[in-house]
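**Q** here is a sequence with its predicted model. Questions after.
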2 protein chains.
Amino acid sequence: MRMLYHLPLSPQSRQVRLVLGEKRLPCELKTERVWERRDDFLAMNPAGDVPVLTEENGMVIPNAGVICEYLEEAYPDTPLMGRTLRDRVEVRRLVAWFNEKFAAEVTRNLLGEKVDKRLSGRGLPDGQALRAGYANMRFHLDYIGWLAETRAWLAGPSLSVADFAAAAHLSCLDFIGDIDWKKSPAAKDWYARVKSRPSFRSLLGDRITGFAPPDHYADLDF
Amino acid sequence: MRMLYHLPLSPQSRQVRLVLGEKRLPCELKTERVWERRDDFLAMNPAGDVPVLTEENGMVIPNAGVICEYLEEAYPDTPLMGRTLRDRVEVRRLVAWFNEKFAAEVTRNLLGEKVDKRLSGRGLPDGQALRAGYANMRFHLDYIGWLAETRAWLAGPSLSVADFAAAAHLSCLDFIGDIDWKKSPAAKDWYARVKSRPSFRSLLGDRITGFAPPDHYADLDF
């Protein structure tokens, strides 16, 4: 059976779960407490982080970016990376935008401080990081709203991995109640469309001991 | 004319220069002082970082990872991403290893503290970061040495973007004299092979005001 080593509040893991769902590839989920640095897991992925996908044929594929490129090549029936060279550049540009820039400026400052630190016993959130995270988020929500207003989906006319990379980060931040959707109606409207896809259902069912999502988290009509 | 907006000591820029060289794609280099946040540059790449490649047909491609995937799809004659699904996973895994893990653990702590801070006027290197960078580098050089001892090239039997991602980071650190090659003969032997490729020549000719590379930097027989 295909298996994904993941963490429920890892945006990179959620991105892969969404892409697997869209491509209708069944997959068993296995929670990996990466901070315990389990030997067998490090042997599979020396980088020590999630997600890691394993296939029935023995292939081991770590890293959300690597997994999504692999899934697109191995299972091209539901294309999610764009068709033309230009489309593919824009999809990958936005995937990098969310997994590098948004991750460093927003996710690390909010989710990293509030969740990762607590789960791995590394102390309390740093106030300066939280303030930076909230300030950066406003800029990023505006950018998402602008993309959503000018295109059908974030990277262009088709739903793509860019939408799932963005929605994966936002869904984790929404889980901890850190998104003020009133600030960007266009971003909210786009997120509602992604959130209502069947591939999103398993994410909305995640529960994490010690964290209670806000009432609107799993509500498709928030 | 194809143009690459770059910085001489940006490993991601160097990675793209090496891939362009291997694929024999002529390209004009344009130094972009990213810390000045030039409006025209931000309009091309809102992320504000180098490298950014522009093609004669008007395409604008930012981000080393995005550029390398684009070049492989647009100019497949000299394949540098592996041929089989397994090969391609391993190439991309190592590219991510160097541009995410090595970058965070080594490059940012050494090059970021010594060069980026100085060029952008952000003060003196932090001693704790430097110590962490040197400690992490030993682990990474051992890993590169182990890969080089067990395979013809880092990702397997063929030269690939993985070699250029790794060599791009190491060449920048070598420029500032931060690599003790005696510590890992296998890594040194692999690096000497990459360094002697014609695509590497332009990197070895780079000169940066205020920084003098060590004598062995441009020596192919170091």
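**A** Right, received. Where do you want to start?
**Q** strand partners of the helix or strand harbouring A:Ile61, parallel vs antiparallel please.
**A** Under the criterion of DSSP states H and E, A:Ile61 resides in strand A:60-62. Taking DSSP bridges as the criterion, strand A:60-62 forms sheet pairs with strand A:52-54 (antiparallel).
**Q** show me the helices in chain A, by range?
**A** A:11-22, A:39-44, A:64-74, A:85-96, A:117-119, A:127-150, A:161-175, A:185-195, A:201-204 (DSSP state H).
**Q** chain center to the strand holding A:Ile61: distance?
**A** Here the centre of mass of C-alpha atoms in strand A:60-62, compared against the chain's by CA atoms, centre = their mean, to the nearest Å, lies 17 Å away.
**Q** quick one: least confident helix or strand in chain A?
**A** Least confident element among the helices and strands of chain A, by mean pLDDT, DSSP states H and E: helix A:117-119 (a mean of 89).
**Q** ok, back up a step: which one of the helices of chain A lies closest to B:Asp126?
**A** Evaluated with CB to CB, the helices of chain A place helix A:127-150 nearest to B:Asp126, the distance being 16.6 Å. The C-beta positions use only the backbone N, C-alpha and C, and glycine is treated the same way.
**Q** report all helices and strands that the closest one contacts.
**A** Under the contact definition 3 or more CB pairs under 8 Å, 6 or more residues apart in numbering or on different chains; DSSP states H and E, helix A:127-150 sits against helix A:161-175, helix A:185-195.
**Q** ok, now with 10 Å
**A** Counting contacts by 3 or more CB pairs under 10 Å, 6 or more residues apart in numbering or on different chains; DSSP states H and E, helix A:127-150 packs against helix A:85-96, helix A:161-175, helix A:185-195.
**Q** with mean neighbour count added, can I get these in a markdown table?
**A** Below are those laid out as a markdown table (neighbours: other CB atoms under 10 Å in any protein chain shown):
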| stretch | mean neighbour count |
| --- | --- |
| helix A:85-96 | 22 |
| helix A:161-175 | 27 |
| helix A:185-195 | 19 |
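**Q** dump those to JSON lines, plus mean pLDDT and distance to chain B.
**A** Formatted as JSON lines, the helices and strands packed on helix A:127-150 follow (pLDDT from 0 to 100; distance: least, CB to the nearest CB, whole Å):
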{"stretch": "helix A:85-96", "mean pLDDT": "98", "distance to chain B": "4"}
{"stretch": "helix A:161-175", "mean pLDDT": "98", "distance to chain B": "12"}
{"stretch": "helix A:185-195", "mean pLDDT": "97", "distance to chain B": "16"}
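**Q** okay, the ones you listed in a markdown table with distance to A:Phe211 next?
**A** Putting the helices and strands packed on helix A:127-150 into a markdown table (distance: least, CB to CB, whole Å) gives the following:
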| stretch | distance to A:Phe211 |
| --- | --- |
| helix A:85-96 | 26 |
| helix A:161-175 | 7 |
| helix A:185-195 | 19 |
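**Q** list the contacts for A:Ala47?
**A** A:Ala47 is in contact with A:Val34, A:Pro62, A:Asn63, B:Arg93, B:Ala96, B:Trp97, B:Glu100, B:Lys101, counting by CB atoms under 10 Å, 6 or more residues apart in numbering or on different chains.
**Q** sorry, back to before: list the buried residues of the least confident helix or strand of chain A.
**A** Across helix A:117-119, burial judged by 16 or more other CB atoms under 10 Å in any protein chain shown covers A:Lys117, A:Leu119.
**Q** next: stretch A:99-109.
**A** A:Asn99, A:Glu100, A:Lys101, A:Phe102, A:Ala103, A:Glu105, A:Val106, A:Thr107, A:Asn109.
**Q** so what's the second one scoring on pLDDT?
**A** Translated: A:Glu100. If you check A:Glu100, the pLDDT there is 96.
**Q** ok, so of the buried residues of stretch A:99-109, who is nearest A:Ala186?
**A** Closest to A:Ala186 out of the buried residues of stretch A:99-109 is A:Phe102 (16.8 Å), distances taken as CB to CB.
**Q** distance of the closest one relative to chain B?
**A** Distance, A:Phe102 to chain B, by CB to the nearest CB, to the nearest Å: 10 Å.
**Q** now do the same contact list for that residue.
**A** A:Phe102 touches A:11, A:94, A:96, A:108, A:136-137, A:139-140, A:143-144, A:165-166, A:169-170, A:173, counting by CB under 10 Å, 6+ apart.
**Q** 6 Å - rerun?
**A** Listed by CB atoms under 6 Å, 6 or more residues apart in numbering or on different chains, the contact set of A:Phe102 reads A:His140, A:His169.
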